[in-house]
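Q: quick check, what structure comes out for this input:
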Amino acid sequence: MMCADLMNMERDAKRLAALGVDWFHMDVMDAHFVPNLTFGPDMINALHKVSDIPMDIHLMMEDPELLLQYLDLKPTDWVTIHSELPDNKIEQTLKHLKQMGVHTGLALNPETPVDKLSKWLDDIDLILLMLVHPGFSGQKMIDGIMDKVAETKSYLKQNGKDNILISTDGNITVERAKYMAQLGADIFVGGTSAVFRKGMKLEDTVPTFFKTVE
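A: Sure thing, here's the model as predicted:
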């Protein structure tokens, strides 16, 4: 949603909902963990009031728990924190999220190996693979990073955890989404390369994206 028209967020949210999108992906950045600031709890809570679409909240924060107390979360929401945080912070935050009754996820930056997830496989519902370095939209996908989808799928199967969903984020085109679906990805975060394409209407880009990954 950081790629939507920020001056017309409610309008775009309703258009996306009418087109049948599954989730609203909300990037929350603290200007410390990544060099940018984006949505805060007020925006997320406001969108919850105008749409029933589940929130897919990606917390790119050094201390994600600072924000959780201000979020009006629903059982259908998903909250993802980063695997690069200290272990004690990951454990504490995942426990807090479970108590809040939401789905939990861990994100992996491009350079972070898949086995970093080993301690948390019993505590998460989703893995978010970053295909670019997080912080800004419109970046070029890192060469060869899509192979990490197949690696992650294999790792989950080997550990009896292939029920965990694999989400992908970063310069995802319709062609790349189709390829990664074949590798085992379940979720595709559509930004400026797929959904919010310059000069194109959502009514054209969203159905095309859906047809590609079906």
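
Q: how about residues contacting the longest helix seen in the chain?
A: If you go by DSSP state H, the chain has its longest helix at helix 87-100. With CB atoms under 8 Å, 6 or more residues apart in numbering as the test, helix 87-100 has contacts from 63-65, 68, 73, 79, 81, 83, 85, 104, 106, 119-120, 123-124. C-beta here means a position set from N, CA and C on the backbone, and glycine is covered the same way.

Q: got it, and stretch 29-41?
A: Outside stretch 29-41, the residues touching it (CB under 8 Å, 6+ apart) are 1-2, 26-28, 60-63, 67, 70-72, 82, 134-136.

Q: also stretch 168-179?
A: Under CB under 8 Å, 6+ apart, the answer for stretch 168-179 is 25, 58, 128-132, 134, 138-142, 145-146, 149, 180, 185, 187-191, 193-194, 208-209, 212-213.

Q: can you flag the buried ones in those residues?
A: 25, 58, 128-132, 134, 139, 141-142, 145-146, 149, 180, 185, 187-191, 193-194, 209, 212-213 (16 or more other CB atoms under 10 Å).

Q: take the residues you listed and keep only those in strands.
A: His25, His58, Leu128, Leu129, Met130, Ile187, Phe188, Val189 (DSSP state E).

Q: from the contacts of helix 87-100, list the buried ones, please.
A: Pro64, Leu68, Leu73, Val79, Ile81, Ser83, Leu85, Thr104, Leu106, Trp120, Ile124.
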